[in-house]
Structure formats: C-alpha cells, structure tokens
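**Q** Fold the stuff below for me.
(one chain, ligands or ions: 1)
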Amino acid sequence: MCGIFGVIGQNAVSSTLRALKLLEYRGYDSAGIAVKREGFLEICKTEGRIAKLQQLAQALSEGRTAIGHTRWATHGEVSTANAHPFLSPNGKFAIVHNGILENYAELKAQLGKEKFTSQTDSEVVAHLLEREHRGNVLETVLTVSRMLKGSFAIVVLSTEDNKLFAIKNKSPLVVGFSQTGSYLCSDIRCVAHWANSVAVTPDNTVVELSDSSARFFTLDGAPLKVDFFVPEAGESLPQTDGDLMLKEITEIPDKLRRAKQAYFDGGGLQLTVEQARKIRRIYLVGCGTAYNSGMQAISVARQWLDVDAIPVIAGEFIYDNYPVDGDTLSIFISQSGETADTLRAAERVREMGGITYAVTNTAGSSLTFACRHTINIGAGGEFAVASTKAYNCQLVSLTLLLLDLGRMRGTVPFSFYSKLVEEMDALPDAVSQILEESYLVARLAERVKDCSAVFYIGRTTDYPTACEGSLKLKEISYIHSEAYPAGELKHGTLALIDDSVCVVAISTDKALKDKMVSSVKEVTSRGAKVVSVAPYELPDCEPLLLPALHPALAGIVAAVPLQLLAYYVAKRLGRDVDKPRNLAKSVTVE
Ligand code: F6R
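**A** All right, here's what the predicted structure looks like:
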C-alpha cells in the first residue's frame, strides 16, 4: 500500500523513477516525485501509472536529493491533487507518506484556516513541519513525530540542508547505503538494487540520513542503535512482453524445487524434540492467499498431527481471543513479509510468549524481525499483484515443517516422512504437465467468462484449494465467486444456482469421488456448467485432468489449473491482470 523512496546521491531523479517502477506493485493509482534545487523544492506528480510520471518527469533536470511516491488511495479519490509529495505552504518541506494517520482530522482542525490542497490524511504533516519549524530540521521532525497516531513511514525533504528525514511506525521503512548514495525505501528488495548495506527501521523511530551516514532516534530524541546487514541481491523487474502473472505461473516447477531446497538449507524446524513434544496448539496465520495456504497445509497435516492446528485470518487473530502460551506454535505466512495484519498478529503472539515462525518469500522483511524463526519459501520475486507461485511454495515449506513436527512428536513414522519428502520431487514435472496443456484451460475460459458467478467446491483438503481458486478468479476477473465445502451448497447457496452459473468441482481424493459426483448432480440438475479438477473424469463435467500424486501433495498442483483459469478468464474479459482494480500487493495498513 503505497511505495516511498528517498535518495541522496548522483542522478537522484532517475534513481527515484526507477525505484517507483519497482514499487509500483504497492499501489498504482498516482505517483509523484520531489527534487531539491538551490533554495526550493520542485515537484512533479500525476494520477495514473508510473509510466505517465516518467513521461512528465522528462522535463525535470537531475538532482542530488529526491523523494518519490506511488499511491494506493485510502483518504481521498484518485487525482493529481491527492498524489504525493505534498509541500508545506511555504514550500520549505515536501513529504511522502505510506500508512494511515488516524488523528489527521484532529491535527487538521488544530491548523485552523490553513488551506489544504488535497483530501488526504498525509498533507497535514507538511503543514505541521512548517508550523513547528524553529530552525533545526531534526528537532522539527522529532516534534511532529510525537503528534502522529496511526501507521506511517514518512520521508521528509527540506530546503534547509542536504539530508532526508523519516518517521516510522508500523509501516515498513528500510535505510540503505551504496558506494554512491544513501536511501530510504518501503521495500528491502527494491533498495537492494542500489544498497549493499541496509537496516530495517524499528517502530517509533526518527531517521536522519546524510549521504554517508544515518542516525536513528527514539521519538524523544534519544539515540538508537540499529544494526545494518548485507541484503540479498535485488531482483530486477522480469523482462517479459506478456503478463507477469503468467510468467510467474510458468516459474512454478523451478520454484517448487527451490522451496524444498530452501527449507533444508535454512535448517528446517529449529525446535528441540522436547519443545516439539510440548506443543499444545498450532496456529497458521495469514491473509488472502497466504491464509489459504495455511488452511490447505493444515487440512493435510491433520492426518498426522496429534495436536490442535487452526488456520486463522490475521486480521481476526489480532482482535479475537485466541489463547497463546509458551507451548503455542504460531506460523505466520506472508509472501511479502510486510502485511500489517500478519505483522500485528505476530507481534501479539511474541508478546504473549508463543513460539513464532515466519514463512515468507522476503528475507529481511519486517515479519522476519517480528518472529523468532524464519523459513524462506524460495519463490523469488513475485511482482504480479495476484499471488501464484508463492502459494505453491508456501505449501511445500509448510508441509515440510508440519511433517518435521509430526516426526519429532513421534506421530509420523520415518518411512512416511521419507516417502513424502521424496515424492515432492515429482511436483515440478506434474506442474509442467499442466502447463503444457494450458491451452485446454484457455479454451474452457472462453465458456466461463460469460458466467454470472463461479462457485468453487471441494471437500476436506480440496476446500482450501477451492478458496484459492475462487480468490484468484474474483480478484483479477471481477466475476462474483465463492468457495464452499461441497456438502454445504445444499444448506442455502443452491438457491443461487442456475444456467448462468459455473461450478468448479475439485476432487483429488478418490475416496470422496462418489460424494463429489452427488454434489455435481445437485448443480447440473439446476442448469449449472461444471468444470472438474481431478485426476479422473467426473460425469457431466468438462474435465481438467490432474496428474496422479500422493494425496498429501495433490493440493500443491491442483491450484495450478485454477490459477491458469483465473488468468485466461481475466484476459478474455480484457482485464489488466497484473494490476487489478482496487488492489495492491503489499497490504501495509490494517
Ligand atoms: C491474492 C493476494 C493477497 C495476498 C495477501 C497477503 O492474490 O495476493 O490475498 O495473498 O494480501 O499478502 P502477503 O502474503 O504478502 O502477506
């Protein structure tokens, strides 16, 4: 949700524009840049995508200090006026902000009759900086930082000196240095394009950045020590003439291999046998696709775990009353490692003394600092807004983690463990087989695209797959879609089934095939078209055949035709699949 960047160094304008392109997945409704000139700040901003800003910014000459922003609107419509950066009325300060200022209305009221140019919560910060300025910019920023409530990563540029300042609480902010410049950025992967030394800024911190050093302060102005480390190399935006989402789906076979390797390279489950045996409950916590992967992994692992294991939506976990103690294992799943709901949930569990694991695709992300242990899923940069390869890789990591736990607790025999670990090697070829036949999915998409709604159904381990297929379809095609345990339709939702509806029936477990045949009958007799996703054909269905696999691994592959179906339906409807409406990839607000 919004990407921010600040740089002190040569070619600051070009670096900022390049960074904004890399940050575009965080929000893409408007963007802007401010650059320091001799005695004044020059601003260029626009509604629309980064490409439009790049065009407009051709008129800007280079500078040494600049800040930039790509927006995902929260307060105020999408417009040039609401795009960041915002200038203070006297033009001495420019700010960019990611997050939500919860007390902005109160602060605005204090500013009385001052004229605001936007409807945003953020602009108030520029006004406060002007009002509180007594000559020393650091003191001014510290004073303003103590007035703000909510979540914010704010970068401040001023006419006064050649420094940048930042205020950080509950929105990501990374500080970085290269041989030629210093940086502030929302995203560690982005800043790693330039920086070879980075620090993750703690909450409630003010940063003063010069071209060769950074000082960190508590909001009271006390110096703070923050460790720097070498980040993993930054990944470039993949070069493709086509869509990133399709490219990322085609990477799944290779990434599944890496996920398995990354799990073992990272040392796997880092608990002693005694700790593992004492665990009394397990939570798998995440949002959206990450939640679905937790639900899927648990539905499989329930067969071998002798302990309560519950998937929980992170935004619910924070405000509900889930018990946590030293024998509670909580696994936080997040591709980005920056999702606010998941971070807050992890912080809560840590405070309560639970064991915390981050299962993430982003080394050095905030979640890896919030959790005691980290497992990297090895999916490589995911840039399309709709998550695909990360889901399949999360399932590999989670399956291995929960298998290890079962082994340590003595509920998974070594023969079962080694068989499953070995059979994981069959996953890449199984996915490749589906990808080779993606033309079949594309053909089916032609029929699904005109449906008024699409219902996804599955039982037990297939229900989470249904949820993921449904989420993918709705987010990029905008067709109404829901997922149900197959037996549940008859308890109400059948009322919605008619000949304008399509049902996708997922059935990977042969033991439940007959039950699924009955569910299919219920919907076909009311006129629905049915697509089956199974390793066998089902009567009255258009089949998408899955390769035969160990039942505990089937869901990792069954998601792939559903990812493809969502993609092809969205393409046929002319949607922008990589940047769907109203969404952003990294949801850093609660
Ligand atoms: C769906 C999607 C979202 C994310 C969710 C969590 O395609 O991308 O549902 O899965 O916002 O994001 P992470 O995994 O980064 O915490």
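
**Q** Ignoring the adjacent residues along the chain, who's closest to the residue of the chain found nearest the ligand?
**A** Nearest to the ligand in the chain, going by C-beta to the nearest ligand atom, is residue 288, at a distance of 1.8 Å. For every residue, glycine as well, the C-beta is placed using N, CA and C. Of all residues not flanking residue 288 in the chain, residue 471 sits nearest, at 6.4 Å (C-beta to C-beta, 6 or more residues apart in numbering).

**Q** Do me a favour and get the backbone dihedrals for residue 286.
**A** Main-chain dihedrals, residue 286, degrees, to the nearest 10: phi -170, psi -180.

**Q** got the contact list for it?
**A** Counting by C-beta atoms under 8 Å, 6 or more residues apart in numbering, residue 286 touches 293, 294, 313, 314, 332, 333, 334, 339, 342.

**Q** Drop anything exposed from the residues you listed.
**A** With neighbours counted by 16 or more other C-beta atoms under 10 Å, these contain buried members at 293, 294, 313, 314, 332, 333, 334, 339, 342.

**Q** Which of these fall within strands?
**A** Per DSSP state E, strands hold the following members of the buried ones among the contacts of residue 286: 313, 332, 333, 334.

**Q** who are the neighbours in contact with residue 376?
**A** Applying C-beta under 8 Å, 6+ apart, the residues near residue 376 are 262, 266, 360, 361, 363, 397.

**Q** picking up where we left off before, would you format the buried ones among the contacts of residue 286 as a markdown table with pLDDT and distance to the ligand included?
**A** A markdown table is the format used below for the buried ones among the contacts of residue 286 (pLDDT from 0 to 100; distance: C-beta to the nearest ligand atom, whole Å):
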| residue | pLDDT | distance to the ligand |
| --- | --- | --- |
| 293 | 98 | 9 |
| 294 | 98 | 10 |
| 313 | 98 | 10 |
| 314 | 98 | 8 |
| 332 | 98 | 9 |
| 333 | 98 | 7 |
| 334 | 98 | 3 |
| 339 | 94 | 3 |
| 342 | 97 | 5 |
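
**Q** Going by distance to residue 565, which of the residues you listed wins?
**A** Using C-beta to C-beta, residue 293 is the member of these that lies nearest residue 565, at 18.3 Å.

**Q** Could you check which helix or strand contains the nearest residue to the closest one once chain neighbours are set aside?
**A** Nearest non-adjacent residue to residue 293, counting by C-beta to C-beta, 6+ apart: residue 394, 3.9 Å away. Per DSSP states H and E: residue 394 is located in helix 389-409.

**Q** then that helix to CSV, C-alphas only?
**A** Extracted C-alpha coordinates of helix 389-409, given in CSV (Å, rounded to 0.1, in the frame of the first residue of the first chain):
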residue,chain,number,x,y,z
LYS,A,389,4.0,-19.2,-7.3
ALA,A,390,4.3,-18.1,-3.6
TYR,A,391,1.2,-20.1,-2.8
ASN,A,392,2.6,-23.4,-4.2
CYS,A,393,6.0,-22.7,-2.5
GLN,A,394,4.3,-21.9,0.8
LEU,A,395,2.6,-25.3,0.7
VAL,A,396,6.0,-27.0,0.2
SER,A,397,7.5,-25.2,3.2
LEU,A,398,4.5,-25.7,5.4
THR,A,399,4.1,-29.4,4.5
LEU,A,400,7.8,-30.0,5.4
LEU,A,401,7.5,-28.0,8.6
LEU,A,402,4.4,-29.9,9.8
LEU,A,403,5.9,-33.2,8.7
ASP,A,404,9.0,-32.5,10.8
LEU,A,405,6.9,-31.6,13.7
GLY,A,406,5.0,-34.9,13.4
ARG,A,407,8.3,-36.8,13.2
MET,A,408,9.6,-35.1,16.3
ARG,A,409,6.4,-35.8,18.2
